[in-house]
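*Asks:* After the sequence you'll find the predicted model.
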Amino acid sequence: SSLAHIKHLPVTCLKIDKVFIDDLPDDAYDVAIIRTVSALGHSLGFRVLAEGVETEEQFLFLVEQGIDTIQGYYFGKPMEASTLEQWIIDRDKG
């Protein structure tokens, strides 16, 4: 949406859509967009979130860019609540 709205809405976080994540870190345009959104968001005091992360390369690139929150299948796919509970237990073990 228009950047003019940022001044008037109670925005605290900018979310980077999966479409800009898919070809990281190889697509120069996506790299530039991620860096720009991160810089803009942080300079305005917002948190920056990236969605749709599926590979370690994407994850590491986003960490290097200072992205605050990273989500996607890289961490786990959707699952039933009972499966999630065991997944958390297993993950905490090691």
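*Replies:* Sure thing, it's come through.
*Asks:* G66 touches S38, doesn't it?
*Replies:* Yes. In this structure, G66 is within contact of S38 by C-beta atoms under 8 Å, at 5.8 Å. (Glycine included, C-beta is placed from N, CA and C.)
*Asks:* where are the low-confidence patches of the protein?
*Replies:* Applying pLDDT under 70 to the chain flags the ranges 1, 94.
*Asks:* Helices along that one, start to end?
*Replies:* Along the chain, the stretches classed as helices by DSSP state H are 28-43, 56-64, 81-93.
*Asks:* Pull the contacting residues for the spatially most central residue of the chain.
*Replies:* For the chain, the residue nearest the mean C-alpha position is A50 (1.5 Å; C-alpha atoms, centre = their mean). If you count contacts by C-beta atoms under 8 Å, 6 or more residues apart in numbering, A50 has them with 15-16, 21, 34, 62, 67, 69-72.
*Asks:* does V48 really touch F20, like I thought?
*Replies:* No. Under the criterion of C-beta under 8 Å, V48 makes no contact with F20, lying 11.8 Å away.
*Asks:* Out of the two, name the residue with the larger neighbour count.
*Replies:* V48 (23 against 19; other C-beta atoms under 10 Å).
*Asks:* so what's the nearest residue to that one once chain neighbours are set aside up against?
*Replies:* Nearest non-adjacent residue to V48, counting by C-beta to C-beta, 6 or more residues apart in numbering: G41, 4.2 Å away. Listed by C-beta under 8 Å, 6+ apart, the contact set of G41 reads 13-14, 47-48.
*Asks:* one more time with 10 Å, if that's ok
*Replies:* Applying C-beta atoms under 10 Å, 6 or more residues apart in numbering to G41 gives the contacts 6, 11-16, 47-49, 66-68.
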